[in-house]
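>>> with the input below, show me the fold.
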Amino acid sequence: MSLYSTAGQCLVLHGRPEAYLSNILPHTCTPLAERRPVHHACIHAGIILLDEPTTGLDSFNANQLIQTLTKLSRNQHLVMVTIHQPRSDLFRLFNDVILLNAGELVWAGHKDSMLAHFERIGFPCPKDSNPMQYFVTLCSVSTHTDLDQCVTEERVAALKTGFQDSTFFHDMQEEVGWDHTPLKMLRKRISSKSDAKEEDPFDRPSWSSKLGNLTRRAWTNTVRSRGAVFTRTLQLPLLAIYLLVFFTRLGNDQQSVQNRNGLMLETLVEITMASSVAAVSLCPPLRERYHRERYGGLYGATLFIVSYLLHSIPFSVISSFLWSLIMYFGAGLQLSQPEAFFIYWVAVFLLHLVGESLALLMLGIVSSIPLADSITSFFIMVGIALGGGVYRVSKSVPVWLNVLSFITPFKYSGAIMQVNELRRLNLTCDGSSGMAIENVSRLAIVTPNVSSQLPTFATNTTGDHIAEAAASCLWETGDDYLNDSLAEWQLNLGINFGALLTLMAFYLGLTLIIFECRKKVLH
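Residues are numbered from 1 along each chain as shown. This next block holds a predicted model:
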């Protein structure tokens, strides 16, 4: 495997100021190292590459960090660090030092031999100078004036010649099996178009390799944060336990239809809101990282969006399952059909992804996190009111609003939950089954079908009318309510699931287009 291919597999940690040493070093790191940002970092098969990890640190913290890397180097790790402004107290912690100028070696060997080598070729290190800083300056070319440039170029040429004529250089050649091919000839051969077609020395990582690395990075960043894990995994189950206070023992009487609709409404609201809020709070760092890495040509919007959704799916599966388990059996939803729980769980899971998708779409449009959160919440509430079918019966919605409801995922997810719960559900017509007289009047006001079938009942709440309505039977089965509330095609679960998945694919495609357009604007 070529060095370029190895670095390519470490793409997710390369070129990012927000990459932390906790992403590349084992848990033996110090607390400082776990939060130390680095500009370039890569780890593969025990090889750790770091670009200027001490930049911005004081001498104490820089020393602590290099000591941590030194411990790793003694534990079967190859650690390579670039330092452009080294401190004197760090010099003793390094084993080997490589000095480069324009990509050519000025020195490569053990630090203890470096001082003797430079002294032998006529460039001794002053007694009170920082060896690292002195030799870095010695290998640099000054361009302040033409005279300075000429003098420093001659000095650097002498340093290169002195190293190539030394025994250290010849020993290194024998150790690594140097083929003695001149460097310029090697560069010319690599840059040749004909040779490049026959054999590409730069084996770039594949699309699947990048996707795996991006997904793994997003997953690692999430699981390292306890708050993120709680938000994505345990928030919904805890909310479900709280809601059980209001939705226990739903029963099978007439009032239970409204109670079940209330439960469906809470499911639509809480699932999508919780997932969208989590996405809006956790996705922005990944979004900003994507914009910079995309500008560098590392990957595109498709990889970013797919990797983000892949890393969030396990959390969505766990949280939606726990919610479904608690709400379904805790509230006593019908179990007459074995597949009913599974259908409810799948619907909740898809709702969770809907919230993630809507938040991702909005984060592609606006940069402000509070604004994205507000707009996403607004569209969710409007969509639920428009197409959820729980605020108002779908058949009674004005035509122009009904047309708009087709672009909301809640029209289909709400129908899925209502059909799954009320289908083949036998309802009792006894008004005494846990239904007090005063509650009957409230039911008449809030239940959509009562207002449509008994228009005088919602405004006349005398005892005679209430008793009469309590003794009446609006729906003998849940199917009667569904026939009154939903269109015929909405009673088909397959159509609803297909429409929901199609709409989600449309949202993701629109998100992809927005991120691509945003990339061009930023560029």
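>>> so residue 518 sits against residue 364, correct?
Yes. Here residue 518 reaches residue 364: they are 6.0 Å apart, a contact under Cβ atoms under 8 Å. All C-beta spots, glycine's among them, are computed from the backbone N, C-alpha and C.
>>> more crowded one of those two?
Comparing residue 518 with residue 364 by neighbour count (other Cβ atoms under 10 Å), the higher total belongs to residue 364, at 23 against 18.
>>> how about the nearest residue to that one, chain neighbours excluded?
residue 514 (3.9 Å; Cβ to Cβ, 6 or more residues apart in numbering).
>>> same check on residue 104?
Among residues not flanking residue 104 along the chain, residue 160 sits closest, at 5.9 Å (Cβ to Cβ, 6+ apart).
>>> residues in contact with the helix or strand harbouring that neighbour?
Using DSSP states H and E, residue 160 maps to helix 146-164. The contact list for helix 146-164 (Cβ atoms under 8 Å, 6 or more residues apart in numbering) reads 101, 104-108, 117-118, 121-123, 138-143, 169.
>>> for the helix or strand hosting residue 306, packing partners?
Secondary structure from DSSP H and E places residue 306 in helix 301-330. With contacts taken as 3 or more Cβ pairs under 8 Å, 6 or more residues apart in numbering; DSSP states H and E, helix 301-330 sits against helix 207-223, helix 235-247, helix 255-295, helix 340-365, helix 493-522.
>>> may I have the secondary structure class of residue 108?
Here residue 108 is strand, with the state taken from DSSP: H, G, I helix; E, B strand; the rest coil.
>>> just the pLDDT at the nearest residue to residue 244 once chain neighbours are set aside, thanks.
Here the nearest residue to residue 244 in space, its sequence neighbours aside, is residue 330; by Cβ to Cβ, 6+ apart that works out to 4.5 Å. Predicted confidence (pLDDT) for residue 330: 87.
>>> residue 4 too?
pLDDT at residue 4 comes out at 33.
>>> cool, residue 171 as well?
At residue 171, the model reports a pLDDT of 80.
>>> and it, how far is that from residue 249?
Look at residue 171 and residue 249: by Cβ to Cβ, to the nearest Å, they are 84 Å apart.
>>> kindly report the same for residue 370.
The gap separating residue 370 from residue 249 is 40 Å, by Cβ to Cβ.
>>> hmm, residue 139 and residue 101 touching each other?
Yes. Contact criterion Cβ under 8 Å: residue 101 and residue 139 qualify, at 4.8 Å.
>>> count the residues that sit near residue 506.
When neighbours are counted by other Cβ under 10 Å, residue 506 registers 13.
>>> before we move on, what about residue 145?
Residue 145 has 9 neighbours, counted by other Cβ under 10 Å.
>>> ramachandran angles for it?
For residue 145, the backbone dihedrals (degrees, to the nearest 10) come out as phi -140, psi 160.
>>> now residue 336. Nearest residue, chain neighbours left out?
Distance criterion Cβ to Cβ, 6+ apart; nearest residue to residue 336, sequence neighbours excluded, is residue 424 at 6.0 Å.
>>> got the phi and psi for residue 97?
Phi and psi for residue 97, reported as degrees, to the nearest 10, are phi -130, psi 140.
>>> typed the wrong thing, it's residue 48
phi -120, psi 120.
>>> tell me how many other residues surround the residue nearest to it when sequence neighbours are not counted.
Sequence neighbours aside, residue 79 is the residue nearest to residue 48 in space, at 4.7 Å (criterion: Cβ to Cβ, 6+ apart). Residues contacting residue 79 under the criterion other Cβ under 10 Å number 22.
>>> identify the residues contacting the strand or helix carrying residue 79?
For residue 79, the host element (DSSP H and E) is strand 78-82. The contact list for strand 78-82 (Cβ under 8 Å, 6+ apart) reads 46-53, 66, 69-70, 72-73.
>>> who touches the residue nearest the centre of the chain in this structure?
Nearest to the geometric centre of the chain sits residue 308, at 4.1 Å (Cα atoms, centre = their mean). Going by Cβ under 8 Å, 6+ apart, residue 308 touches 218, 283, 286, 360.
>>> what's the distance between residue 126 and residue 148?
Applying Cβ to Cβ to residue 126 and residue 148 gives a distance of 20 Å.
>>> ignore the last one, residue 67
Distance, residue 67 to residue 148, using Cβ to Cβ: 38 Å.
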